[in-house]
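Chemist: Sequence unavailable; structure follows:
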């Protein structure tokens with residue numbers, strides 16, 4: 001287990017770059033993680049569309065203790081962002097996909113399901 005220090009917070013991360021304590025996360029940490037190539041395939045400048053997906057993933061995790069299935073994520077993103085959203089669109093926002101980029105940036109532990 002590695003540690004990462006951001007703004008005075010010591011964050012434990014696993015070997016794949018997922019935070020181990022999702023409760024230490026905040027939006028400023030998300031911005032830093034999104035711009036750091038160690039956590040994303042390419043730096044990501046977070047837009048409101050990114051934030052809608054990040055917030056949904058976190059809300060779902062808080063409620064159910066797991067990341068949402070990809071079908072639910074796409075369905076919710078269509079409601080929040082627009083009918084043009086599909087899985088390919090989510091991959092444009094998060095190039096490594098919802099399980100890797102989105103969950104890392106959202107500060108969640110490594111997903112166990114099929115997100």
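Modeler: Received, thanks. Because the structure is predicted, anything quoted here is derived from the model rather than measured.
Chemist: mind checking the longest helix of this structure?
Modeler: Using DSSP state H, we find that the single longest helix of the chain is helix 48-64.
Chemist: so what does it touch, helix or strand wise?
Modeler: helix 27-35, helix 70-80, helix 87-93, helix 103-105 (3 or more C-beta pairs under 8 Å, 6 or more residues apart in numbering; DSSP states H and E). C-beta here means a position set from N, CA and C on the backbone, and glycine is covered the same way.
Chemist: And the helix or strand bottoming out on mean pLDDT in the chain, what does it pack against?
Modeler: The helix or strand of the chain with the poorest confidence is strand 2-6; it has a mean of 83 (mean pLDDT, DSSP states H and E). Packing contacts for strand 2-6, counted by 3+ C-beta pairs under 8 Å, 6+ apart, involve strand 9-13, helix 27-35.
Chemist: between those, which gets the lowest average pLDDT?
Modeler: Of all the helices and strands packed on strand 2-6, mean pLDDT reaches its minimum on strand 9-13 (a mean of 87).
Chemist: Just the residues contacting that strand, thanks.
Modeler: Applying C-beta atoms under 8 Å, 6 or more residues apart in numbering, the contact partners of strand 9-13 are 1, 2, 3, 4, 5, 19, 20, 21, 24, 29.
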